[in-house]
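*Asks:* I would like the atomic coordinates for the input below:
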Amino acid sequence: MDAKRGSQTPAPKLASMGAMEWLDADGSGGYASGTLSGVPSRRFHGLLLVARYPPHERIMLVNHLTEVLELPSREQVLSDGTSGDTSGWGYCVSFVTWPIPTWVYDIDGVVIERSIARPRGTSLVIVRWRLLSSPDPLRLRLRPMVSGRKDHDVQTAAAAIDSTFRTSASGVSWQPYESFPRVHAHCLASYRHQPEWRHGVEYALDRERGEPCREDWWSPGELTLTLEPGGTRTFALSTDAELTSDGETVIAAEEERRRGTRHASSGVPIFDSLRAAAASYKVDLGDSAVSLAGFPWFDVWTRDTFTSFGGLYLATGDFVGARKVLETFSRRVQDGMLPANLPDAHTKPRWNSADAPLWFILSVGRYLRYTGDVSALDDFAMTAVRAIVDGYSTGAPPNIRVTEDGLVYASAPDQALTWMDADYKGHLITPRRGKPVEIQALWVRALAVAQALATRTGDGALAARWEARRAKAIESFRARFWNESAGYLFDVVDGPDGDDATLRPNQVFAIGLDDDLLPRDQALAVLSVIDQRLRTPVGLRTLPTDDPRYQGRYSGERSKRDPAYHQGTVWPFLLGPFISAWVRLHGRTAQARRDALGFLTVLEARIDGEGCLGHLSEIFDGDPPHTPRGCPAQAWSAGELLGSLADHIIHSPPPS
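*Replies:* Below is the predicted model of the structure:
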């Protein structure tokens, strides 16, 4: 049975799942993650990673927890992580990710359940064991692997490490490096201080990617606790010296909180699965809110935030969070632009995203459509929308301007301004200078949203001006982008070398965002070409297989990966606008919705059966079997699909 939705999974199926990953996020930028077997395959795998400046600058504080169960006749390692001892995994009879990651082991009749959780809004990880079946009490020995490093780095054995410890009423603590927080272990257990290094831990996926892949782990000592038959014990690790409640109370409350957020079934399993994953990416900072682009290594990116906004926030009914996100970014508009990333005191903004401000406007429109919260227009949204539209129209943003034909020109000598922004050592793989097709689709749709918002605020003159700009842009788009000889749209027009007729999936936005941008016959032709030449069971390829530049595998070191990133690699988030276009162009009928759902059959199975369980990866190989690659848990892979499903499949008819 399914390992995702909380049912028992037979050991034979689990045996092949040991390399798959799990993730539990704390809602502040931190997380715990690893493989099901406990053998880490990335330097990002760990128990306690926290965001030093939420949600930025993740740091690794605890890599792993070695667990050894003392049975009457022998010892059994449940999770080692360093020596490659996976014998404990062989006894695992079930694993579930919801409401918290939980393993059940059956060791010759001794049944033990182990759960790991990162309670939301804390810098805390709790491990819980339940001895479900045993004739006698058993001892469990624990060795935490404590470190202090940035998440992208690796630790090497150093004589300068501080190996001292402190004890308190609730446990013991360590601070191997002065520049990183002290780690507090909260557990009623005996402690034996015996510092040791474990050298040469190797991360297989990092090695494959040509990234730092060997690390030395440091353990301060060993804790021993006793498990009583039918009883429960917990072990908490935190940067906080004190816990507000005991570990069992905290983890039980977190389980209950998560159960309370579970929605009723929509009748569409992939929607329900992705909706459950959505909370992982959302960060509430009190007076502001953001979303992370992905785990384990992506930070806050504006493009990703608003590409996934409709799914992560609106489709899940999180309207309070949605408003906070819009308000947070509205304060960042400058010269008609939004920064490509959300900076903090330790990072600088990048102004190299021609589409992010337009996605913001579309998100404002969707928010109003879902909530009717007109007060947002007066409070903050309309000012930001007007600044962006006027900025693009007057050419205020550097390297971006609306030309006389009403279309958006975006070109920079040293930067790629669209989502296809791979850059290897200063070489832009897909610069796409000129007038990219999806930028025009976003601009036309943004003008429609802006016009509607101006009308709602009673500014008829402004609405009329924006309506005229939209009409001109549509007229020019139809005249310039249709490639009659090929039967689909140019990818870029008016570039340094003329018009680019490369068949790429970017044109899906021209048919997925707006019904008015193309005549119906041309829109259907575009849909057909994408369906036949770019669509795979897991997303849209970025080039067709017969293009001489096509690269079917995304693997190896960065010099090999970056050139393949947008040159054949499959992106699942593109199925969102494809589904939207399919349903729109086939009359929004029940049959059209059934057909659209059929395109997601393989992805639905993969969410629960590969990669990071419960999540969708950033990309897949262009060639079969379409191995998941890139970031294992990507926000817009989930969010764009959730938004399209909510608008065009779940709702019947969809919201107007």
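
*Asks:* where is the longest helix in this structure?
*Replies:* The longest helix of the chain (DSSP state H) is helix 460-481.

*Asks:* tabulate the CA atom coordinates of that one in CSV.
*Replies:* Taking Å, rounded to 0.1, in the frame of the first residue of the first chain, the C-alpha atoms of helix 460-481 are listed here in CSV:
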residue,chain,number,x,y,z
GLY,A,460,-12.2,54.6,-15.5
ALA,A,461,-9.6,56.7,-17.3
LEU,A,462,-6.8,54.5,-16.0
ALA,A,463,-8.7,51.4,-16.9
ALA,A,464,-9.3,52.7,-20.5
ARG,A,465,-5.6,53.5,-20.9
TRP,A,466,-4.6,50.0,-19.8
GLU,A,467,-7.2,48.4,-22.0
ALA,A,468,-5.8,50.3,-25.0
ARG,A,469,-2.3,49.1,-24.2
ARG,A,470,-3.5,45.5,-24.0
ALA,A,471,-5.3,45.8,-27.3
LYS,A,472,-2.2,47.1,-29.0
ALA,A,473,0.0,44.4,-27.5
ILE,A,474,-2.4,41.7,-28.6
GLU,A,475,-2.5,43.1,-32.1
SER,A,476,1.3,43.2,-32.3
PHE,A,477,1.7,39.8,-30.8
ARG,A,478,-0.5,38.2,-33.4
ALA,A,479,1.3,40.0,-36.2
ARG,A,480,4.8,39.1,-34.9
PHE,A,481,4.8,35.8,-33.1
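
*Asks:* work out the gap between that helix and the centre of the chain.
*Replies:* Centre-to-centre, helix 460-481 and its host chain are 35 Å apart (Cα atoms, centre = their mean, to the nearest Å).

*Asks:* mind listing what's buried in it?
*Replies:* For helix 460-481, the buried set under the neighbour-count rule, 16 or more other Cβ atoms under 10 Å, comprises 462-463, 465-467, 469-470, 472-474, 476-477, 480-481. Heads up, the C-betas are built off the backbone N, CA and C, glycines and all.

*Asks:* over to stretch 288-303?
*Replies:* Those would be 289-296, 298-303, for stretch 288-303 by 16+ other Cβ under 10 Å.

*Asks:* quote the end-to-end distance of it.
*Replies:* Using Cα to Cα, to the nearest Å, the end-to-end distance of stretch 288-303 comes to 18 Å.

*Asks:* are we agreed that E438 is in a strand?
*Replies:* No. The assignment for E438, made by DSSP: H, G, I helix; E, B strand; the rest coil, is helix rather than a strand.

*Asks:* would you list every one of the helices in the stretch 101-250 of the chain?
*Replies:* Per DSSP state H, counting those that start in this stretch, the stretch 101-250 of the chain carries helices over the ranges 204-208, 247-260.

*Asks:* packing partners for the longest one?
*Replies:* For helix 247-260, the contact count by 3 or more Cβ pairs under 8 Å, 6 or more residues apart in numbering; DSSP states H and E identifies strand 110-117, strand 124-133, strand 232-238 as packing neighbours.

*Asks:* repeat that for 7 Å
*Replies:* In terms of contacts (3 or more Cβ pairs under 7 Å, 6 or more residues apart in numbering; DSSP states H and E), helix 247-260 is packed against strand 124-133, strand 232-238.

*Asks:* so what strands line up beside the longest one?
*Replies:* Yep, that's strand 124-133 we're talking about. Here strand 124-133 has these sheet partners by DSSP bridges: strand 110-117 (antiparallel), strand 232-238 (antiparallel).

*Asks:* just the CA coordinates for stretch 223-240, please, in CSV.
*Replies:* The C-alpha coordinates for stretch 223-240 follow below in CSV (Å, rounded to 0.1, in the frame of the first residue of the first chain):
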residue,chain,number,x,y,z
LEU,A,223,23.2,8.9,25.6
THR,A,224,21.4,5.8,26.9
LEU,A,225,17.7,5.5,27.6
THR,A,226,15.3,2.7,28.4
LEU,A,227,12.3,1.8,26.4
GLU,A,228,9.4,0.2,28.3
PRO,A,229,7.0,-2.2,26.5
GLY,A,230,4.1,-0.1,25.3
GLY,A,231,5.9,3.1,26.4
THR,A,232,7.2,6.2,24.6
ARG,A,233,10.4,8.1,24.9
THR,A,234,11.5,11.3,23.1
PHE,A,235,14.8,13.0,22.3
ALA,A,236,14.8,16.7,21.4
LEU,A,237,17.5,18.8,19.9
SER,A,238,17.2,22.5,19.8
THR,A,239,19.1,25.8,19.9
ASP,A,240,16.8,26.7,22.9
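
*Asks:* tell me which of the buried residues of helix 460-481 is nearest to G498?
*Replies:* Distance to G498, by Cβ to Cβ, is smallest for R480 among the buried residues of helix 460-481, at 11.8 Å.

*Asks:* ok, now which ones touch that closest one?
*Replies:* V493 (Cβ atoms under 7 Å, 6 or more residues apart in numbering).

*Asks:* returning to what we had before: and of the strands paired with strand 124-133, who's closest to Q451?
*Replies:* Comparison of these against Q451 by Cβ to Cβ identifies strand 110-117 as nearest, at 47.0 Å.

*Asks:* now do the helices in the stretch 351-500 of the chain.
*Replies:* Under the criterion DSSP H, counting those that start in this stretch, helices of the stretch 351-500 of the chain are mapped to 356-371, 375-376, 382-394, 437-456, 460-481.

*Asks:* the stretch 501-650 of the chain: helices as residue ranges?
*Replies:* Counting by DSSP H, counting those that start in this stretch, the stretch 501-650 of the chain has these helices, from start to end: 508-512, 520-533, 558-564, 575-585, 590-598, 601-607, 635-645.

*Asks:* just name the most buried of those.
*Replies:* helix 635-645 (a mean of 30; mean count of other Cβ atoms under 10 Å).

*Asks:* could you give the average pLDDT over it?
*Replies:* The average pLDDT for helix 635-645 rounds to 97.

*Asks:* quick revisit: closest one to V389 out of the buried residues of stretch 288-303, please.
*Replies:* Comparing these against V389 with Cβ to Cβ places T302 closest, at 16.8 Å.

*Asks:* which of the residues in stretch 181-201 are buried?
*Replies:* In stretch 181-201, the ones that count as buried by 16+ other Cβ under 10 Å are 181-187, 189, 191, 198, 201.

*Asks:* for stretch 63-76, same thing?
*Replies:* Buried residues in stretch 63-76, counted by 16+ other Cβ under 10 Å: 63-69, 76.

*Asks:* for stretch 440-450, same thing?
*Replies:* Within stretch 440-450, the residues that count as buried by 16+ other Cβ under 10 Å are 440-450.

*Asks:* name the surrounding residues that touch that stretch.
*Replies:* 355, 358-359, 361-362, 364-365, 385, 389, 407-408, 466, 469-470, 473-474, 477, 509-510, 513-514, 517.

*Asks:* next, the residue lying farthest from the centre of the chain: phi, psi?
*Replies:* In the chain, the residue that sits farthest from the middle, by Cα atoms, centre = their mean, is S73; the gap is 45.0 Å. The phi/psi pair for S73 (degrees, to the nearest 10) reads phi -110, psi -10.

*Asks:* and the pLDDT at it?
*Replies:* The model reports S73 with a pLDDT of 89.

*Asks:* now the one 4 residues further on
*Replies:* On the pLDDT scale, V77 is placed at 93.

*Asks:* I'd guessed it sits against G88; true?
*Replies:* Yes. Shown here, V77 and G88 form a contact pair, counting by Cβ atoms under 7 Å, at 5.2 Å.
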